[in-house]
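>>> okay, sequence plus prediction incoming.
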Amino acid sequence: MLTLEAEPDHEARLFFDLDLSRGAVVAISGGSDSTALLFLLNDFCRRHRPHARLVAVTVDHALRPASHDEALKVGALCASLGIEHRIRVWEGQKPKTGLLAAARDARYDLLAGVARDKGIPMVLTGHTANDQAETVTMRLERRDVVDATERGLAGMAPFTLFDGDIWIVRPLLRMRREALRAMLRTRGAGWMDDPTNEDHSYERPRVRAALGEPGIAAALKVAEAAGRNRSDLDARAASLIRRHASRPARGLFRLHPAFADEEDRAAAIHALRLLLSTIGGLPMLPDEAAVTSLLEALGKGGSHRATLARVLVDARRTGIFLLREARGLPAPLRAVDGMLWDGRFRVSMRKTAAASVIRAGAVLSRGKPVAGTLPDPFPLPDVPVSLVRAALAAEPEVDCAGENVALMPVIAPFARFLPGFDVQSAGILAELAMASPLPPLPLPNAAV
Ligand SMILES: Nc1ncnc2c1ncn2[C@@H]1O[C@H](COP(=O)(O)OP(=O)(O)OP(=O)(O)O)[C@@H](O)[C@H]1O
């Protein structure tokens, strides 16, 4: 575990791998951890990256009367350090249930918004090893089958791609909160304690209060092992997707029949879950047991037809074809900039774009091929025309699109958050689905 006093230039180890050439947004609530992050990063930049642009951002959730004054105090601290500071207020309706999750969601939107406005590719947060231990302990304690799997127990990744374009980086993920507070005390720097952190009606403060040092150490061990296993499985699944998957036509994917007989069953199951989720446009990976049974059925050879997680799976001698099923496609709707269509496409609109409607059902008509599709008749061998048509029917079309409305494929399970553990498969899936490539990692020298 890292301590701060071990060497004079201690913060260098935390930030040396970071590519700060385009600057960084620092998410600072005014609590001890993010205040420590600001001091340490500022020290580092003054010594090693004097030209790096830092923009500190405080989100005022407007949930407590004091929150605005607190944000102003953070602004004063930043001014004293010569760091640009912005306050963003969470406006609009606050939900009655799931308030913390909604606040977190809004917070990341607002932080990433500032990063985008400033042309900065990353947001740094002050998450610590204590936060990690608490997250993993909550997941261990939950009956929740999704979170309590090895994937969930990996906890927070050191870096995560948000909404496909902004990296969230957590440089303090191996630091203990007490070490950071000791550093702040030594400097005579204060911080603000958020009363929500002491409110035991919330799960995290309860877990925090109950976790002693042995509990923290044990949870961190679980997280580390689970993180390694998760990255490893992801890399193996990625290589199976690369080897076996192709996209013979718009919306239509094909796996080589040999995929079903792959020896690395865990990787094949994971690869199939990722593909189903991407093709069906669902953010959660489909149930592991159901996908295992599907893979077994496919391994028996012969033809097989099934629907799982909104995907039609049609196995034939020439391949295992996968496409979005026709059921449950969105009704025609008005395009809004930034919206996800069917969980599979992100809409981007120019400011000047006229009102446009998106509907499912691209068709092939003779003499008028739709952009990005095969002309009619189809030149591809071994690709059933009926499946090409069915896949096209589930693809979106925009009326009066011109150049002003674009629909970019997204990789559904990672459309909002892509944890660093999963970047290998996400990269391959992006290539396969013709989505935008992942932006370069902000930590070019670091291991995931
Ligand atoms: N209101 C906010 N404005 C800006 N960033 C925030 C805000 N709340 C949280 N963050 C960022 O998210 C990280 C983790 O959030 P968490 O809720 O655990 O922090 P906190 O307890 O409010 O504050 P700290 O982590 O600074 O002690 C923070 O370290 C900070 O980087």
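Structure's in. What do you need?

>>> which bits of the stretch 101-250 of the chain sit near the ligand?
Within the stretch 101-250 of the chain, the positions adjacent to the ligand are 107, 125-127, 131, 194, 197 by CB under 6 Å from any ligand atom. Using the backbone N, CA and C atoms, a C-beta is placed for each residue, glycine as well.

>>> any idea which of these is least confident?
pLDDT across these is lowest for residue 197, at 75.

>>> so who does the residue of the stretch 51-200 of the chain at minimum distance from the ligand touch?
Across the stretch 51-200 of the chain, no residue is closer to the ligand than residue 126, which sits at 2.7 Å (CB to the nearest ligand atom). Going by CB atoms under 8 Å, 6 or more residues apart in numbering, residue 126 touches 27-29, 31, 33-37, 170, 172.

>>> skip the chain neighbours and tell me the closest residue to residue 240.
residue 271 (4.5 Å; CB to CB, 6 or more residues apart in numbering).

>>> what helix or strand is the one you found on?
Per DSSP states H and E, residue 271 falls inside helix 265-280.

>>> next SSE after that helix?
Assigned by DSSP H and E, the successor of helix 265-280 is helix 288-299.

>>> in that next one, what's buried?
288, 291-292, 294-295, 297-299 (16 or more other CB atoms under 10 Å).

>>> pLDDT below threshold where in the stretch 1-150 of the chain?
Within the stretch 1-150 of the chain, the stretches with pLDDT under 70 are 1-10, 143-148.

>>> now the strands for it?
24-27, 54-60, 84-89, 122-124 (DSSP state E, counting those that start in this stretch).

>>> again with the stretch 151-300 of the chain
Secondary structure of the stretch 151-300 of the chain, counting by DSSP E, counting those that start in this stretch: strands at 159-162, 166-169, 245-249, 252-255.

>>> residue ranges in the stretch 251-400 of the chain under the pLDDT threshold?
In the stretch 251-400 of the chain, residues with pLDDT under 70: 353, 362-379, 400.

>>> and if we set it to 80?
351-355, 362-381, 400 (pLDDT under 80).

>>> on that earlier part again, quick one: the contacts of residue 126 as TSV, columns for neighbour count too.
Putting those into TSV (neighbours: other CB atoms under 10 Å) gives the following:
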residue	neighbour count
27	24
28	26
29	23
31	18
33	22
34	23
35	23
36	27
37	28
170	22
172	28
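
>>> widest-spaced pair of these?
Spanning the widest gap among the contacts of residue 126 are 35 and 170, at 15.5 Å by CB to CB.

>>> report the contact partners of the nearest residue to residue 110 once chain neighbours are set aside.
In this structure, residue 110 finds its nearest non-sequential neighbour in residue 88, 4.0 Å apart by CB to CB, 6+ apart. The contact partners of residue 88, taken as CB under 8 Å, 6+ apart, are 57-60, 110-111, 113-114.

>>> could you do residue 283 as well?
Residues in contact with residue 283 (CB under 8 Å, 6+ apart) are 277, 343, 412-413, 415-416.

>>> switch to 6 Å and redo it
412-413 (CB atoms under 6 Å, 6 or more residues apart in numbering).
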